[in-house]
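Chemist: got a predicted structure plus its sequence, pasted below:
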Number of protein chains: 2
Amino acid sequence: MNNFTATYTDQYQLAMAEVYFKQGRHREKAVFDYFFRDLPFSGGFAVFAGLEEVLEIIRDLHFSKEDLEYLSDQGFSDDFLKFLKDFRFRGTIYSCKEGDVVFPTRPILQVEASIIEAQIIETLLLNILNYETLIATKASRIRLVAGDGILLDFGMRRAQATGAYFGSRAAMVGGFDGTSNVIAGRNYEIPVSGTMAHSFIQSYDDELKAFRDFAQGRPEGCVFLVDTYNTLKSGVPNAIKVAKEMEARGQKLLAIRLDSGDLAYLAKKSRQLLDDAGLEYVKIAASNQLDEYVIKSLLEQQAPIDIFGVGTNLITGDPDAALDGVYKLAWFNGKPRIKISESIIKVTLPHKKQVFRIKDASGKCVGADAIGLYHEDRIDEMYHPFEPYKSMKLSEFRQEALLNKVMENGKILQEHRSLSQIAEYSVSRLSELPIEYKRFNNPHIYKIGISETLRQERDKLIHNYKQSLS
Amino acid sequence: MNNFTATYTDQYQLAMAEVYFKQGRHREKAVFDYFFRDLPFSGGFAVFAGLEEVLEIIRDLHFSKEDLEYLSDQGFSDDFLKFLKDFRFRGTIYSCKEGDVVFPTRPILQVEASIIEAQIIETLLLNILNYETLIATKASRIRLVAGDGILLDFGMRRAQATGAYFGSRAAMVGGFDGTSNVIAGRNYEIPVSGTMAHSFIQSYDDELKAFRDFAQGRPEGCVFLVDTYNTLKSGVPNAIKVAKEMEARGQKLLAIRLDSGDLAYLAKKSRQLLDDAGLEYVKIAASNQLDEYVIKSLLEQQAPIDIFGVGTNLITGDPDAALDGVYKLAWFNGKPRIKISESIIKVTLPHKKQVFRIKDASGKCVGADAIGLYHEDRIDEMYHPFEPYKSMKLSEFRQEALLNKVMENGKILQEHRSLSQIAEYSVSRLSELPIEYKRFNNPHIYKIGISETLRQERDKLIHNYKQSLS
């Protein structure tokens, strides 16, 4: 439903691009790192999402006629606009796989391209990867507590407008089963779900007739919303009556839905009423301000809820609302580049790099990723990025290179994977991660280290810079 | 950049629509209210935004060929799909004006249409109005503290993907001056802004040369980012050098930008350095995790900042992330409708209604809106919705009807207003609101009351319902 053109960007990308162009530096090669600094939700991991979408947008990116007319009105020069007219991204992208678990400060994705191409794609890359990674992570946390429960995304009405579309996709990467969002369902082949609102019940003079009509009209996948008037005195008894009528016609009521009140209490009472009526097969769905903490609590109370509809807290990534992913220059025109900062943790890592996941002999992740220069095959010892006396020997461990070439000369190299394939991959990667990184309170901190060579290269640049100031 | 079709909706709208259609009830008239229950940001008001956009989308809404094929695959019946093929919204919409200040629990907009049309537009209406109203409100709070400061939206990279586009629009309704988001600028005619990132500076061997090249390439509206290495020892001195060179060429540096460190301290020191060099005209821009509280604090410390770039906290509506707007049935098939709830404040108001803003003789808002039945011309006394002994005499006050017909038979009645016209209207409406509703801490609570007639009608329905249960 979206038509991305190359003005889907921040103005400063185009301003810088024009200067590069005018100075004749625009074809010089640059390497940028995409990474984030803080894990969302005070959690112990994040789930990387949005990659396949971003690659497809980048592959097709160009300036439309309207874009060029607009930029001309904005005072961009004719020779630069002529250049933009033929703009295509022809660079190379290295990335970890969509669905993998990822951690702060290490490159998740690297762009190697002419500086002008690398800058023009920056904003859309951040805009989509930051949001989808946030939501896939949230969804994954919810999946961790929900076990085999069915998880449905109900967030569309509370999203940032069309952002819902990307959120519904990311929820699937994180392990959701379906969405209420029809256009996302249509375009991403996500199972869609939804039956009735309170308004449907209210439009009838009585609830029983409303349920009967609905069962007549849509007997398949039929779910009755039971809290419009009084859940236990009216909603559930009426649902049971109609479920029995459906049985007589050879049909089966799929579920009832609770959308207010004390969900644990109401689910137990409703389950009892359904079971007493021989309707053990009718499931219970719940919605209303759910998140991973509420679902955990409901299940700890043994609330017999089979289906969870999660809206606002999923789609907004509450309470964080944004992932702080950034895109930093690491190499340009044959030289490593660094950003110094008064805050040591904001100093960037120069050079084109590789990231290794450190695993034991059985293939289990030991809770560490090591960053080296791109040509390093493996890393014998990794160092804490800012605390020089902390290091970890890696020679005895297996090391998996995480950054793979996914685009070359603007062409996508990897085969398209379906959302369920990506979600399956995510489950397998999460299962390799020890449980202490997955708990919600004070999770174990995943180690990120750098190789001796990378550390020396970085420190040399810091040293040179300090000398130039004095 | 968006292509809205009628599958931009929640699945349950289509499920209900099919049942209405099969039961032959789909042409029956319904009235729905759009309202929210809680003010965002613990504030005293909200700014209504998104109306013009929503009306245009509704006017053009239809099911595309792809939509119909998809719904057919999903098992919707052929006769229903035939009906959807010709679907157009032909209803009437009453609304308060975009940019007006609005308050909880009172209708902001009312839809009067066949039930099927009213349901199919529900999700998109909530999806856009909830988000734009949230962001316009946030922007308006920032404008309240920023005085005449220039406010720029820098949120695109931290938004919910394409949601940024709507957020940039809403920020303008709330009083921002421009955006970094080029596609939003292009399509909404918003001034766009932005010059350089750290990567531009890093791509040079020294900062001075980077500034020189930029000034050569884009001398108009030139802003130097001064914190890549060291703001006061390197960034500002280099900016001053190049500003003087620009002066010699008859050009003027517009501003320097601070993006890290203690902004109050750095702004004062930078101002001094600039002034000592005779560069009083060079402005200071600041960015980095700004919101209304940080900007208020900066200005209380007399930090000489002229331009504020606000990103994440604006575009995500932090810390709320969503407005809880809902869409509730008030009338159907010739009868008033109500949703009972175990929580009294969730009981809805039946009937088609009008809302009056209560003003004193001078036209100043007295901090109260009164809700009556649609045919009531004015309200003599309003009652607290749930506390029967609280009332307020209104006979001596001026009363302004807020809900006006903005769409009839699917056609937009109001003339298109530019974003700056809407923003101006918002400023004038905010200026009518006494200051105690605009403070951030424990703002005065705006009164919402209902007319005697509406109260009786509501209580009669509650009574009837209770009798039907016993």
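Modeler: Structure's in. What do you need?
Chemist: A:I295: which element?
Modeler: Using DSSP states H and E, A:I295 maps to helix A:292-300.
Chemist: check A:L81 too.
Modeler: Assigned by DSSP H and E, A:L81 belongs to helix A:78-85.
Chemist: again, but for A:G317
Modeler: Under the criterion of DSSP H and E, A:G317 resides outside all helices and strands.
Chemist: just give me the neighbour total for it.
Modeler: 26 (other Cβ atoms under 10 Å in any protein chain shown). The C-beta positions use only the backbone N, C-alpha and C, and glycine is treated the same way.
Chemist: surely it meets A:I135?
Modeler: Yes. Judged on Cβ atoms under 8 Å, A:G317 makes contact with A:I135 at a distance of 5.7 Å.
Chemist: so A:M392 lies in a strand, does it not?
Modeler: Yes. Secondary structure of A:M392 (DSSP: H, G, I helix; E, B strand; the rest coil): part of a strand.
Chemist: ok, how many other residues are close to it?
Modeler: For A:M392, using other Cβ under 10 Å, the count is 16.
Chemist: helix, strand or coil: sort out the nearest residue to it once chain neighbours are set aside for me.
Modeler: Distances taken as Cβ to Cβ, 6 or more residues apart in numbering or on different chains place A:M382 nearest to A:M392, at 5.4 Å, with adjacent residues excluded. Of the three states, A:M382 takes strand according to three-state DSSP.
Chemist: A:M382 and A:L394 touch, don't they?
Modeler: Yes. Taking Cβ under 8 Å as the definition, A:M382 is a contact partner of A:L394 at 5.8 Å.
Chemist: show me how far the helix holding A:L81 is from its chain's centre.
Modeler: Distance of helix A:78-85 from its chain centroid, counting by Cα atoms, centre = their mean, to the nearest Å, is 35 Å.
Chemist: mind giving me the packing neighbours of the helix or strand that that helix is followed by?
Modeler: Sequence order places strand A:92-95 as the next helix or strand after helix A:78-85, per DSSP H and E. On a contact count with 3 or more Cβ pairs under 8 Å, 6 or more residues apart in numbering or on different chains; DSSP states H and E, strand A:92-95 meets helix A:51-60, strand A:109-114, strand A:404-408.
Chemist: nearest to chain B among the ones you listed would be which one?
Modeler: Ranking the helices and strands packed on strand A:92-95 by distance to chain B, with Cβ to the nearest Cβ as the measure, places helix A:51-60 first at 8.9 Å.
Chemist: near chain B, which residues of the stretch 351-470 of chain A are found?
Modeler: Proximity of the stretch 351-470 of chain A to chain B (Cβ under 8 Å from any Cβ of the partner chain) is limited to residues A:465, A:468-469.
Chemist: hmm, which of the residues you listed is lowest in pLDDT?
Modeler: Among these, A:L469 carries the lowest pLDDT, at 71.
Chemist: these two touch, right, that residue and B:S234?
Modeler: Yes. The criterion here is Cβ under 8 Å, and A:L469 meets it with B:S234 at 6.5 Å.
Chemist: those two: who's more crowded?
Modeler: B:S234 (21 against 10).
Chemist: and that one, which of the three is it?
Modeler: Once three-state DSSP is applied, B:S234 turns out helix.
Chemist: against B:Q160, how distant is A:F45?
Modeler: Separation of A:F45 from B:Q160 (Cβ to Cβ, to the nearest Å): 21 Å.
Chemist: can you pull the contacts of A:N238?
Modeler: A:207-208, A:211, A:224, A:226 (Cβ atoms under 8 Å, 6 or more residues apart in numbering or on different chains).
Chemist: tell me the buried residues in whatever helix or strand A:A264 lives in?
Modeler: In this assignment (DSSP H and E), A:A264 forms part of helix A:263-276. Neighbour-count burial for helix A:263-276 flags A:263-264, A:266-268, A:270-271, A:273-274 (criterion: 16 or more other Cβ atoms under 10 Å in any protein chain shown).
Chemist: next helix or strand past that helix?
Modeler: strand A:283-287.
Chemist: quick check on A:K328: phi, psi?
Modeler: As for A:K328, its main-chain torsions (degrees, to the nearest 10) stand at phi -120, psi 140.
Chemist: how close does it get to B:D38?
Modeler: Distance of A:K328 to B:D38, given as Cβ to Cβ: 39 Å.
Chemist: between those two, who's got more neighbours?
Modeler: Using other Cβ under 10 Å, the more surrounded residue of A:K328 and B:D38 is A:K328, with 21 against 12.
Chemist: tell me which of A:M382 and A:L394 has more neighbours.
Modeler: A:M382 (26 against 20).
Chemist: list the residues that contact the more buried one.
Modeler: Neighbouring residues of A:M382 by Cβ under 8 Å, 6+ apart: A:358, A:368, A:370-371, A:391-392, A:394, A:447, A:449-451.
Chemist: now swap in A:S114 and tell me
Modeler: A:S114 touches A:26-30, A:90-91, counting by Cβ under 8 Å, 6+ apart.
Chemist: of those, buried ones?
Modeler: Neighbour counting with 16+ other Cβ under 10 Å marks A:26, A:29-30, A:91 as buried within the contacts of A:S114.
Chemist: check the contacts of A:S114 against chain B, which are close?
Modeler: By Cβ under 8 Å from any Cβ, the members of the contacts of A:S114 lying near chain B are A:28, A:30.
Chemist: which of the contacts of A:S114 fall in strands?
Modeler: A:29-30 (DSSP state E).
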